[in-house]
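**Student:** With the sequence up front, the predicted model follows.
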Amino acid sequence: MERAAVLSRHFAAEERQRSPQLDAQPTSAPGSGYNVAVLGSGGGIGQPLSLLLKLCPRVRDLRLYDVANTAGVAADLSHIATAARVSAHTGGDELPDALYGADLVVIPAGVPRKPGMTRDDLFNINAGIVRTLCEGVARYCPHAWVAIISNPVNSTVPIAAEVFKRAGTFNPAKLFGVTMLDVVRANTFVGEALGVDPATVNVPVIGGHAGVTILPVLSAGTPKLSVPEGQARALMARIQDAGTEVVKAKAGAGSATLSMAYAASRFVEACLRAMAGEVGVVECAFVASSLVTDLPFFASQLRLGPGGIAEFLPLPRLNAMEQGNFESMKAELRSSIQKGVDFMNT
Ligand SMILES: NC(=O)C1=CN([C@@H]2O[C@H](COP(=O)(O)OP(=O)(O)OC[C@H]3O[C@@H](n4cnc5c(N)ncnc54)[C@H](O)[C@@H]3O)[C@@H](O)[C@H]2O)C=CC1
Ligand SMILES: O=C([O-])CC(=O)C(=O)O
(Lines give C-alpha, C1' and ligand atoms only; values in the text may rest on other atoms or scores of the structure.)
(Ligands and ions follow the chains in the order given, each with its own letter.)
Protein backbone atom coordinates (compact mmCIF):
# COMPACT_ATOMS: atom_id res chain seq x y z
CA MET A 1 0.00 0.00 0.00
CA GLU A 2 2.39 2.68 -1.18
CA ARG A 3 -0.24 5.41 -1.36
CA ALA A 4 -1.33 4.64 2.18
CA ALA A 5 2.24 4.68 3.45
CA VAL A 6 2.84 8.05 1.83
CA LEU A 7 -0.30 9.46 3.39
CA SER A 8 0.64 8.10 6.81
CA ARG A 9 4.01 9.80 6.67
CA HIS A 10 2.39 12.99 5.44
CA PHE A 11 -0.02 13.09 8.36
CA ALA A 12 2.54 12.05 10.94
CA ALA A 13 4.59 15.09 9.97
CA GLU A 14 1.78 17.55 9.54
CA GLU A 15 -1.17 16.68 11.67
CA ARG A 16 -0.26 18.46 14.89
CA GLN A 17 0.18 21.78 13.13
CA ARG A 18 -3.03 21.65 11.17
CA SER A 19 -6.57 22.56 12.02
CA PRO A 20 -9.19 19.96 11.08
CA GLN A 21 -10.47 22.26 8.36
CA LEU A 22 -7.06 22.35 6.72
CA ASP A 23 -6.94 18.56 6.85
CA ALA A 24 -9.93 18.50 4.57
CA GLN A 25 -9.38 16.98 1.20
CA PRO A 26 -11.77 17.93 -1.58
CA THR A 27 -14.42 15.27 -1.99
CA SER A 28 -14.46 13.23 -5.18
CA ALA A 29 -15.83 14.84 -8.32
CA PRO A 30 -19.38 13.72 -9.13
CA GLY A 31 -19.49 10.84 -11.54
CA SER A 32 -15.96 9.65 -10.91
CA GLY A 33 -16.89 7.18 -8.20
CA TYR A 34 -16.60 7.75 -4.49
CA ASN A 35 -14.30 6.73 -1.68
CA VAL A 36 -16.14 4.80 1.00
CA ALA A 37 -14.67 3.66 4.32
CA VAL A 38 -16.28 0.87 6.34
CA LEU A 39 -15.21 1.06 10.00
CA GLY A 40 -15.84 -2.33 11.59
CA SER A 41 -15.54 -4.12 8.27
CA GLY A 42 -14.42 -7.44 9.75
CA GLY A 43 -17.64 -8.02 11.67
CA GLY A 44 -20.98 -9.65 11.12
CA ILE A 45 -22.39 -6.58 9.37
CA GLY A 46 -19.09 -5.24 8.08
CA GLN A 47 -18.22 -8.23 5.90
CA PRO A 48 -21.47 -8.60 3.93
CA LEU A 49 -21.81 -4.81 3.76
CA SER A 50 -18.33 -4.59 2.26
CA LEU A 51 -19.29 -7.29 -0.24
CA LEU A 52 -22.38 -5.35 -1.30
CA LEU A 53 -20.38 -2.13 -1.60
CA LYS A 54 -17.75 -3.93 -3.70
CA LEU A 55 -20.60 -4.63 -6.12
CA CYS A 56 -21.69 -0.97 -6.19
CA PRO A 57 -20.52 0.78 -9.37
CA ARG A 58 -20.49 4.15 -7.58
CA VAL A 59 -17.71 3.06 -5.22
CA ARG A 60 -14.19 3.80 -6.42
CA ASP A 61 -12.09 3.05 -3.32
CA LEU A 62 -13.46 0.76 -0.65
CA ARG A 63 -11.41 1.13 2.53
CA LEU A 64 -11.89 -1.67 5.04
CA TYR A 65 -10.98 -0.70 8.59
CA ASP A 66 -11.18 -2.82 11.75
CA VAL A 67 -9.07 -3.65 14.75
CA ALA A 68 -8.65 -7.19 13.32
CA ASN A 69 -9.57 -9.34 10.37
CA THR A 70 -9.24 -6.78 7.59
CA ALA A 71 -6.43 -8.27 5.49
CA GLY A 72 -8.25 -11.52 4.79
CA VAL A 73 -11.58 -9.87 4.06
CA ALA A 74 -9.92 -7.36 1.74
CA ALA A 75 -7.89 -10.02 -0.10
CA ASP A 76 -11.03 -12.09 -0.56
CA LEU A 77 -13.20 -9.20 -1.80
CA SER A 78 -10.45 -7.82 -4.02
CA HIS A 79 -10.75 -10.86 -6.31
CA ILE A 80 -14.30 -9.93 -7.28
CA ALA A 81 -14.33 -8.58 -10.83
CA THR A 82 -15.79 -5.14 -10.18
CA ALA A 83 -14.12 -1.75 -10.47
CA ALA A 84 -14.02 -0.77 -6.78
CA ARG A 85 -10.49 -0.94 -5.38
CA VAL A 86 -10.28 -2.57 -1.97
CA SER A 87 -7.74 -1.74 0.72
CA ALA A 88 -7.22 -3.08 4.25
CA HIS A 89 -6.45 -0.89 7.27
CA THR A 90 -5.94 -2.51 10.66
CA GLY A 91 -5.78 -0.78 14.03
CA GLY A 92 -5.62 2.85 15.04
CA ASP A 93 -2.31 3.56 13.32
CA GLU A 94 -3.92 2.80 9.97
CA LEU A 95 -7.14 4.71 10.58
CA PRO A 96 -5.83 7.88 8.88
CA ASP A 97 -5.19 6.02 5.63
CA ALA A 98 -8.66 4.51 5.74
CA LEU A 99 -10.22 7.94 6.18
CA TYR A 100 -8.14 10.40 4.21
CA GLY A 101 -10.17 11.55 1.20
CA ALA A 102 -13.21 9.45 2.14
CA ASP A 103 -16.48 10.80 0.78
CA LEU A 104 -18.59 8.60 3.01
CA VAL A 105 -17.79 6.72 6.19
CA VAL A 106 -20.10 3.97 7.38
CA ILE A 107 -19.64 2.72 10.94
CA PRO A 108 -20.81 -0.75 11.99
CA ALA A 109 -18.04 -1.08 14.63
CA GLY A 110 -19.11 -2.22 18.06
CA VAL A 111 -20.59 -5.06 20.03
CA PRO A 112 -23.99 -6.56 19.20
CA ARG A 113 -26.74 -7.67 21.59
CA LYS A 114 -27.20 -11.07 23.17
CA PRO A 115 -30.61 -12.39 24.27
CA GLY A 116 -31.99 -10.46 27.24
CA MET A 117 -30.08 -7.27 26.45
CA THR A 118 -31.45 -3.96 25.24
CA ARG A 119 -29.64 -1.84 22.70
CA ASP A 120 -28.90 0.58 25.51
CA ASP A 121 -26.96 -2.18 27.30
CA LEU A 122 -24.37 -1.77 24.51
CA PHE A 123 -23.81 1.88 25.39
CA ASN A 124 -20.85 1.44 27.73
CA ILE A 125 -18.70 -0.25 25.08
CA ASN A 126 -19.99 1.25 21.85
CA ALA A 127 -20.07 4.88 22.99
CA GLY A 128 -16.29 4.95 23.32
CA ILE A 129 -15.76 3.13 20.02
CA VAL A 130 -17.95 5.60 18.14
CA ARG A 131 -16.30 8.57 19.84
CA THR A 132 -12.80 7.42 18.87
CA LEU A 133 -13.73 6.65 15.28
CA CYS A 134 -15.55 9.96 14.88
CA GLU A 135 -12.54 11.81 16.25
CA GLY A 136 -10.65 10.22 13.37
CA VAL A 137 -13.32 11.32 10.91
CA ALA A 138 -13.17 14.89 12.23
CA ARG A 139 -9.45 14.91 11.79
CA TYR A 140 -8.91 13.09 8.50
CA CYS A 141 -12.09 13.50 6.44
CA PRO A 142 -14.12 16.28 8.06
CA HIS A 143 -16.27 16.76 4.95
CA ALA A 144 -17.33 13.14 4.65
CA TRP A 145 -20.90 11.95 5.04
CA VAL A 146 -21.08 9.72 8.12
CA ALA A 147 -23.56 6.87 8.52
CA ILE A 148 -23.66 5.29 11.97
CA ILE A 149 -24.95 1.76 12.44
CA SER A 150 -23.45 1.03 15.89
CA ASN A 151 -26.06 0.76 18.63
CA PRO A 152 -27.62 2.34 20.52
CA VAL A 153 -28.16 4.59 17.49
CA ASN A 154 -30.38 6.93 19.56
CA SER A 155 -27.27 7.77 21.61
CA THR A 156 -24.32 7.10 19.29
CA VAL A 157 -25.45 9.67 16.73
CA PRO A 158 -25.62 12.45 19.37
CA ILE A 159 -22.14 11.33 20.50
CA ALA A 160 -20.86 11.71 16.94
CA ALA A 161 -22.47 15.15 16.70
CA GLU A 162 -20.76 16.24 19.93
CA VAL A 163 -17.38 14.98 18.69
CA PHE A 164 -17.79 16.96 15.47
CA LYS A 165 -18.98 20.08 17.31
CA ARG A 166 -15.90 20.00 19.52
CA ALA A 167 -13.68 19.58 16.48
CA GLY A 168 -15.45 22.45 14.69
CA THR A 169 -16.45 20.16 11.82
CA PHE A 170 -20.10 19.42 12.57
CA ASN A 171 -22.29 19.51 9.50
CA PRO A 172 -25.73 18.26 10.52
CA ALA A 173 -26.62 17.70 6.87
CA LYS A 174 -24.04 14.91 6.65
CA LEU A 175 -24.51 12.91 9.84
CA PHE A 176 -26.95 9.99 9.75
CA GLY A 177 -28.02 7.21 12.06
CA VAL A 178 -28.91 4.30 9.84
CA THR A 179 -32.55 3.32 10.46
CA MET A 180 -33.02 1.79 7.05
CA LEU A 181 -33.45 -1.70 8.48
CA ASP A 182 -36.66 -0.55 10.15
CA VAL A 183 -37.94 0.61 6.77
CA VAL A 184 -36.84 -2.64 5.11
CA ARG A 185 -38.64 -4.67 7.78
CA ALA A 186 -41.77 -2.53 7.59
CA ASN A 187 -41.85 -2.93 3.81
CA THR A 188 -41.35 -6.70 4.10
CA PHE A 189 -44.00 -7.30 6.75
CA VAL A 190 -46.53 -4.98 5.10
CA GLY A 191 -45.82 -6.60 1.72
CA GLU A 192 -46.59 -9.98 3.30
CA ALA A 193 -49.80 -8.61 4.81
CA LEU A 194 -50.88 -7.13 1.48
CA GLY A 195 -49.76 -10.14 -0.53
CA VAL A 196 -47.57 -7.96 -2.77
CA ASP A 197 -43.87 -7.86 -3.62
CA PRO A 198 -42.19 -6.04 -0.65
CA ALA A 199 -40.00 -4.21 -3.17
CA THR A 200 -43.12 -2.28 -4.24
CA VAL A 201 -43.96 -1.20 -0.68
CA ASN A 202 -42.78 2.01 0.97
CA VAL A 203 -43.54 2.62 4.64
CA PRO A 204 -41.93 5.64 6.31
CA VAL A 205 -40.48 4.84 9.74
CA ILE A 206 -39.88 7.79 12.04
CA GLY A 207 -38.58 8.41 15.57
CA GLY A 208 -35.49 6.47 16.59
CA HIS A 209 -34.03 2.99 16.52
CA ALA A 210 -35.04 1.13 19.69
CA GLY A 211 -38.33 -0.38 20.83
CA VAL A 212 -41.15 2.13 21.07
CA THR A 213 -39.04 4.86 19.49
CA ILE A 214 -39.37 2.96 16.19
CA LEU A 215 -42.60 4.31 14.70
CA PRO A 216 -43.64 2.81 11.38
CA VAL A 217 -46.28 5.12 9.93
CA LEU A 218 -48.36 2.33 8.45
CA SER A 219 -51.17 4.71 7.55
CA ALA A 220 -48.85 6.65 5.23
CA GLY A 221 -47.39 3.62 3.46
CA THR A 222 -47.89 2.80 -0.18
CA PRO A 223 -49.68 0.79 -1.43
CA LYS A 224 -52.41 1.59 1.07
CA LEU A 225 -52.77 -0.89 3.92
CA SER A 226 -56.36 -1.19 5.13
CA VAL A 227 -56.47 -3.59 8.06
CA PRO A 228 -58.34 -3.60 11.39
CA GLU A 229 -56.63 -1.67 14.17
CA GLY A 230 -55.67 -4.86 16.01
CA GLN A 231 -53.75 -6.12 12.99
CA ALA A 232 -52.07 -2.74 12.51
CA ARG A 233 -51.00 -2.79 16.16
CA ALA A 234 -49.59 -6.29 15.77
CA LEU A 235 -47.67 -5.24 12.66
CA MET A 236 -46.27 -2.20 14.43
CA ALA A 237 -45.20 -4.30 17.41
CA ARG A 238 -43.48 -6.82 15.12
CA ILE A 239 -41.53 -4.06 13.37
CA GLN A 240 -40.53 -2.55 16.73
CA ASP A 241 -39.41 -5.93 18.07
CA ALA A 242 -37.88 -7.30 14.87
CA GLY A 243 -34.31 -6.77 16.08
CA THR A 244 -35.10 -8.78 19.22
CA GLU A 245 -36.72 -11.47 17.07
CA VAL A 246 -33.36 -11.95 15.32
CA VAL A 247 -31.35 -11.73 18.55
CA LYS A 248 -33.50 -14.52 20.04
CA ALA A 249 -33.27 -16.67 16.92
CA LYS A 250 -29.47 -16.32 16.84
CA ALA A 251 -29.44 -17.45 20.47
CA GLY A 252 -26.26 -15.69 21.58
CA ALA A 253 -24.54 -15.50 18.19
CA GLY A 254 -25.33 -11.81 17.72
CA SER A 255 -28.02 -9.71 16.09
CA ALA A 256 -29.15 -8.92 12.56
CA THR A 257 -26.18 -8.84 10.20
CA LEU A 258 -27.26 -9.89 6.69
CA SER A 259 -30.48 -7.86 6.57
CA MET A 260 -28.58 -4.96 8.14
CA ALA A 261 -25.84 -5.18 5.54
CA TYR A 262 -28.52 -5.10 2.84
CA ALA A 263 -30.23 -2.12 4.48
CA ALA A 264 -26.97 -0.23 4.98
CA SER A 265 -25.83 -0.83 1.42
CA ARG A 266 -29.17 0.52 0.21
CA PHE A 267 -28.71 3.58 2.38
CA VAL A 268 -25.10 4.14 1.29
CA GLU A 269 -26.07 3.76 -2.36
CA ALA A 270 -28.86 6.32 -1.89
CA CYS A 271 -26.32 8.72 -0.38
CA LEU A 272 -23.90 8.20 -3.27
CA ARG A 273 -26.68 8.75 -5.82
CA ALA A 274 -27.62 12.01 -4.11
CA MET A 275 -23.95 13.02 -3.88
CA ALA A 276 -23.69 12.50 -7.62
CA GLY A 277 -26.60 14.85 -8.22
CA GLU A 278 -29.47 12.43 -8.73
CA VAL A 279 -32.70 14.18 -7.88
CA GLY A 280 -35.60 12.78 -5.87
CA VAL A 281 -33.57 10.68 -3.43
CA VAL A 282 -35.70 10.37 -0.29
CA GLU A 283 -34.79 8.12 2.64
CA CYS A 284 -35.50 7.92 6.36
CA ALA A 285 -32.60 8.36 8.78
CA PHE A 286 -31.99 9.49 12.37
CA VAL A 287 -30.48 12.97 12.19
CA ALA A 288 -30.03 16.24 14.02
CA SER A 289 -33.42 17.73 13.48
CA SER A 290 -35.16 20.74 14.90
CA LEU A 291 -37.65 21.25 12.12
CA VAL A 292 -40.01 18.31 12.40
CA THR A 293 -40.38 17.84 16.20
CA ASP A 294 -39.10 19.48 19.37
CA LEU A 295 -36.57 16.67 19.82
CA PRO A 296 -32.96 17.49 18.89
CA PHE A 297 -32.56 14.27 16.88
CA PHE A 298 -35.28 12.41 15.06
CA ALA A 299 -35.64 9.93 12.22
CA SER A 300 -37.85 11.15 9.41
CA GLN A 301 -38.02 11.27 5.66
CA LEU A 302 -35.22 13.33 4.16
CA ARG A 303 -34.58 14.49 0.64
CA LEU A 304 -30.89 14.07 -0.01
CA GLY A 305 -28.85 16.26 -2.32
CA PRO A 306 -25.19 16.67 -3.22
CA GLY A 307 -24.46 18.37 0.13
CA GLY A 308 -26.35 15.93 2.34
CA ILE A 309 -29.82 16.62 3.70
CA ALA A 310 -31.47 19.02 1.28
CA GLU A 311 -34.95 18.99 2.80
CA PHE A 312 -36.83 17.61 5.79
CA LEU A 313 -40.09 16.29 4.46
CA PRO A 314 -43.04 17.15 6.70
CA LEU A 315 -44.03 14.34 9.03
CA PRO A 316 -46.74 12.18 7.52
CA ARG A 317 -50.19 12.66 9.02
CA LEU A 318 -50.48 10.21 11.93
CA ASN A 319 -53.66 8.36 12.81
CA ALA A 320 -54.77 8.19 16.44
CA MET A 321 -52.84 5.00 17.19
CA GLU A 322 -49.63 6.38 15.65
CA GLN A 323 -50.07 9.71 17.43
CA GLY A 324 -50.34 7.82 20.74
CA ASN A 325 -47.14 5.94 19.95
CA PHE A 326 -45.43 9.19 18.96
CA GLU A 327 -46.30 10.83 22.28
CA SER A 328 -45.19 7.80 24.28
CA MET A 329 -41.78 7.54 22.60
CA LYS A 330 -40.73 11.12 23.25
CA ALA A 331 -39.45 10.76 26.81
CA GLU A 332 -37.35 7.69 26.02
CA LEU A 333 -35.91 9.18 22.88
CA ARG A 334 -35.06 12.46 24.60
CA SER A 335 -33.31 10.66 27.43
CA SER A 336 -31.29 8.40 25.06
CA ILE A 337 -30.18 11.48 23.12
CA GLN A 338 -29.21 13.25 26.34
CA LYS A 339 -27.27 10.19 27.48
CA GLY A 340 -25.09 10.50 24.37
CA VAL A 341 -24.57 14.23 24.91
CA ASP A 342 -23.77 13.68 28.61
CA PHE A 343 -21.22 11.00 27.74
CA MET A 344 -19.24 13.64 25.90
CA ASN A 345 -19.54 16.15 28.72
CA THR A 346 -18.30 13.99 31.59
N1 LIG B 1 -28.58 0.41 13.12
C2 LIG B 1 -29.11 -0.79 13.00
O3 LIG B 1 -30.20 -0.93 12.46
C4 LIG B 1 -28.37 -1.98 13.47
C5 LIG B 1 -27.26 -1.86 14.26
N6 LIG B 1 -26.56 -2.95 14.67
C7 LIG B 1 -25.37 -2.73 15.48
O8 LIG B 1 -24.20 -2.82 14.67
C9 LIG B 1 -23.08 -3.10 15.53
C10 LIG B 1 -22.21 -4.20 14.92
O11 LIG B 1 -22.91 -5.40 14.85
P12 LIG B 1 -22.18 -6.72 14.27
O13 LIG B 1 -21.49 -6.43 13.00
O14 LIG B 1 -23.18 -7.79 14.31
O15 LIG B 1 -21.08 -6.98 15.40
P16 LIG B 1 -19.73 -7.83 15.27
O17 LIG B 1 -19.22 -8.05 16.65
O18 LIG B 1 -19.94 -9.03 14.41
O19 LIG B 1 -18.75 -6.87 14.48
C20 LIG B 1 -18.32 -5.67 15.03
C21 LIG B 1 -16.97 -5.35 14.45
O22 LIG B 1 -16.53 -4.13 15.02
C23 LIG B 1 -15.15 -4.25 15.23
N24 LIG B 1 -14.68 -3.28 16.19
C25 LIG B 1 -14.76 -3.30 17.53
N26 LIG B 1 -14.14 -2.23 18.05
C27 LIG B 1 -13.67 -1.51 17.00
C28 LIG B 1 -12.93 -0.31 16.90
N29 LIG B 1 -12.57 0.39 17.95
N30 LIG B 1 -12.62 0.13 15.65
C31 LIG B 1 -13.00 -0.58 14.56
N32 LIG B 1 -13.69 -1.73 14.60
C33 LIG B 1 -14.00 -2.18 15.82
C34 LIG B 1 -14.94 -5.68 15.69
O35 LIG B 1 -13.59 -6.08 15.54
C36 LIG B 1 -15.89 -6.42 14.76
O37 LIG B 1 -15.24 -6.83 13.58
C38 LIG B 1 -23.67 -3.48 16.88
O39 LIG B 1 -23.55 -2.38 17.75
C40 LIG B 1 -25.14 -3.73 16.57
O41 LIG B 1 -25.97 -3.54 17.67
C42 LIG B 1 -26.92 -4.20 14.28
C43 LIG B 1 -28.02 -4.38 13.48
C44 LIG B 1 -28.87 -3.31 13.07
O1 LIG C 1 -31.60 -5.58 17.62
C2 LIG C 1 -30.38 -5.32 17.62
O3 LIG C 1 -29.67 -5.36 18.61
C4 LIG C 1 -29.75 -4.95 16.33
C5 LIG C 1 -30.60 -3.94 15.68
O6 LIG C 1 -30.52 -2.76 15.97
C7 LIG C 1 -31.68 -4.40 14.82
O8 LIG C 1 -31.67 -5.56 14.38
O9 LIG C 1 -32.56 -3.59 14.54
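**Tutor:** Thanks, I have the structure now. Ligands and ions are numbered 1, 2, ... in the order given.
**Student:** ok, which residues in this protein are in contact with ligand 2?
**Tutor:** Contact residues of the chain with respect to ligand 2, defined by C-beta under 6 Å from any ligand atom, are listed as 112, 113, 119, 151, 181, 243, 244, 246, 247, 255, 256. Every C-beta, even on glycine, is put in place using the N, C-alpha and C of the backbone.
**Student:** pretty sure the fourth one is in contact with residue 209, am I right?
**Tutor:** Spelled out, that is residue 151. Yes: contact criterion C-beta atoms under 8 Å: residue 151 and residue 209 qualify, at 7.4 Å.
**Student:** Take the residues of the chain next to ligand 2 and keep only those in helices.
**Tutor:** With helices identified by DSSP state H, the entries of these that belong to them are 181, 243, 244, 246, 247.
**Student:** The closest residue to ligand 2 within the stretch 51-200 of the chain: neighbouring residues, count only.
**Tutor:** Using C-beta to the nearest ligand atom, residue 113 is the residue of the stretch 51-200 of the chain that sits closest to ligand 2, at 3.8 Å. For residue 113, the neighbour count with other C-beta atoms under 10 Å is 22.
**Student:** Does it touch residue 119 like I think?
**Tutor:** Yes: under the criterion of C-beta under 8 Å, residue 113 makes contact with residue 119 at 6.5 Å.
**Student:** Mutual contacts of those two, please.
**Tutor:** Shared between the contact lists of residue 113 and residue 119 (criterion: C-beta atoms under 8 Å, 6 or more residues apart in numbering) are residues 151, 243.
**Student:** Now the common contact residues for residue 151 and residue 209.
**Tutor:** In contact with both residue 151 and residue 209: residue 119, using C-beta under 8 Å, 6+ apart.
**Student:** From ligand 1, how far out is residue 231?
**Tutor:** Residue 231 sits 25 Å away from ligand 1, going by C-beta to the nearest ligand atom, to the nearest Å.
**Student:** wait, what's in contact with that residue?
**Tutor:** residue 193.
**Student:** so how far is ligand 2 from it?
**Tutor:** Taking C-beta to the nearest ligand atom as the measure, residue 231 and ligand 2 are separated by 22 Å.
**Student:** Contact residues of this protein facing ligand 1?
**Tutor:** For the chain, the residues in contact with ligand 1 under the definition C-beta under 6 Å from any ligand atom are 39-40, 42-46, 66-69, 108-113, 122, 126, 129, 132-133, 149-151, 153, 178, 181, 209, 254-257, 260.
**Student:** can you give me the helices in the protein?
**Tutor:** Along the chain, counting by DSSP H, helices occupy 2-14, 20-23, 46-54, 70-78, 95-99, 123-140, 153-167, 180-194, 229-240, 242-250, 258-275, 320-345.
**Student:** So in terms of bridging, what pairs with residue 104?
**Tutor:** Beta-bridge partners for residue 104, by DSSP bridges, are residue 36, residue 145.
**Student:** show me the contacts for it.
**Tutor:** Under the criterion of C-beta under 8 Å, 6+ apart, the contact list for residue 104 reads 34, 35, 36, 37, 144, 145, 146, 147, 268, 271, 272, 275.
**Student:** give the contact list for the closest residue to ligand 1 within the chain.
**Tutor:** The nearest approach of the chain to ligand 1 comes at residue 43, 2.0 Å away (C-beta to the nearest ligand atom). Going by C-beta under 8 Å, 6+ apart, residue 43 touches 66, 69, 108, 109, 257.
**Student:** I figured residue 174 was touching residue 142, is that so?
**Tutor:** No: contact status for residue 174 versus residue 142: not in contact, 9.7 Å apart, counting by C-beta under 8 Å.
**Student:** Neighbours of residue 341, how many?
**Tutor:** There are 16 residues near residue 341, going by other C-beta under 10 Å.
**Student:** Setting the sequence-adjacent residues aside, check what's closest to residue 182.
**Tutor:** residue 205 (4.2 Å; C-beta to C-beta, 6 or more residues apart in numbering).
**Student:** returning to what we had before: now the phi/psi pair for the residue of the stretch 51-200 of the chain closest to ligand 2, please.
**Tutor:** Backbone dihedrals for residue 113, given as degrees, to the nearest 10, come out at phi -70, psi 160.
**Student:** are any of the residues of the chain next to ligand 1 buried, and which?
**Tutor:** Buried subset of the residues of the chain next to ligand 1 (neighbour count, 16 or more other C-beta atoms under 10 Å): 39-40, 42-46, 66, 69, 108-113, 122, 126, 129, 133, 149-151, 153, 178, 181, 209, 254-257, 260.
**Student:** got the contact list for the residue nearest to residue 197 when sequence neighbours are not counted?
**Tutor:** Across the structure, with C-beta to C-beta, 6+ apart as the measure, the residue nearest residue 197 apart from its sequence neighbours is residue 191 (6.3 Å). Remark: with contacts taken as C-beta under 8 Å, 6+ apart, residue 191 is in contact with 197, 198, 199, 200, 201.
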